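Visitor: Predicted coordinates and the sequence they were generated for:
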Amino acid sequence: MRDLNFLCTIVALYGGHAALVTPQRNVLVQLYDSTAGDTWTYDPKGAIRNTPIVPWNVYNASSDPCADKWSGVFCFNSSAAPCVDNNSGECFVVQLVLEYFNMTGSLLDGQFTNLTTLVELDLSHNKLYGGIPSSIADLNELQYFILYDNMFSGAIANSLFEDHLPNLILLSLDLNRFNGTLPSSIGSLTTLKTIVSTTTS
């Protein structure tokens with residue numbers, strides 16, 4: 001996992017006593033519904049760090065994404081420890097690694113607002129289209145944002161990066177259908193080390 005110490009610091013800022021907090025579980029359910037979750041192939045290339053495949057049981061209210069280890073969902077609890085079972089305390093999503101999931105559809109505006117603890121969002125090698133939702137700008141802890149090899153399109157809003165995403169290290173937008181050039185606000189991202197992008201079409 002990337003930058004484990006940083007993940008621990010982020011999650012230690014939060015507290016509680018349940019499993020995955022309900023607003024974050026709702027985000028995962030919404031993501032499943034908006035990207036044809038019933039047709040996902042769950043990492044056919046074995047990309048998710050040698051973890052077992054566990055389908056997202058979104059319609060079973062007792063199925064917890066963290067405790068049940070839904071594929072591609074990585075969580076920490078308020079003690080900065082990985083969530084491994086129902087006794088882990090209140091958990092927060094820190095990584096979504098959903099590459100090669102055969103995801104189709106678009107991301108909804110406002111969809112990611114409640115994933116404030118997210119450090120990595122990897123949606124690469126799927127069939128997602130449309131624009132980048134403005135709620136990505138709310139993810140102040142995000143370090144790795146990877147949309148490589150999809151069908152995203154349109155212009156990338158300058159407001160996405162302007163005074164937002166202060167911890168971003170890696171931005172990967174290549175092999176999509178974006179129009180124009182990268183917004184000038186990317187220059188304000190002082191932590192950014194790598195950009196993978198040929199955005200003009």
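Guide: Arrived safely, thanks for sending.

Visitor: where does this protein have low pLDDT?
Guide: Filtered on pLDDT under 70, the chain yields the residue ranges 1-19, 43-51, 85-88, 198-201.

Visitor: ranges for the strands of the chain?
Guide: Using DSSP state E, the strands of the chain run over residues 73-77, 91-97, 104-106, 120-122, 127-130, 144-146, 151-155, 170-172, 177-179, 194-196.

Visitor: Nearest to residue 32 among these would be which one?
Guide: Closest of the strands of the chain to residue 32 is strand 104-106, at 10.1 Å (criterion: C-beta to C-beta). C-beta here means a position set from N, CA and C on the backbone, and glycine is covered the same way.

Visitor: Can you list the strands that that closest one pairs with?
Guide: In the sheet, strand 104-106 lines up against strand 127-130 (parallel) (DSSP bridges).

Visitor: So which residue is dead centre in this structure?
Guide: Residue closest to the mean C-alpha point of the chain, counted by C-alpha atoms, centre = their mean, is residue 121 at 2.8 Å.

Visitor: Kindly state the beta-bridge partners for it.
Guide: Judged by DSSP bridges, the bridge partners of residue 121 are residue 96, residue 145.

Visitor: how close does it get to residue 95?
Guide: Taken as C-beta to C-beta, to the nearest Å, the spacing of residue 121 relative to residue 95 amounts to 8 Å.

Visitor: List the contacts of the closest residue to residue 112 other than its chain neighbours.
Guide: Among residues not flanking residue 112 along the chain, residue 135 sits closest, at 4.5 Å (C-beta to C-beta, 6 or more residues apart in numbering). By C-beta atoms under 8 Å, 6 or more residues apart in numbering, residue 135 lies in contact with 109-113.

Visitor: what does residue 73 give?
Guide: Contacts for residue 73 (C-beta under 8 Å, 6+ apart) come out as 28, 56, 65-66, 93, 95-96.
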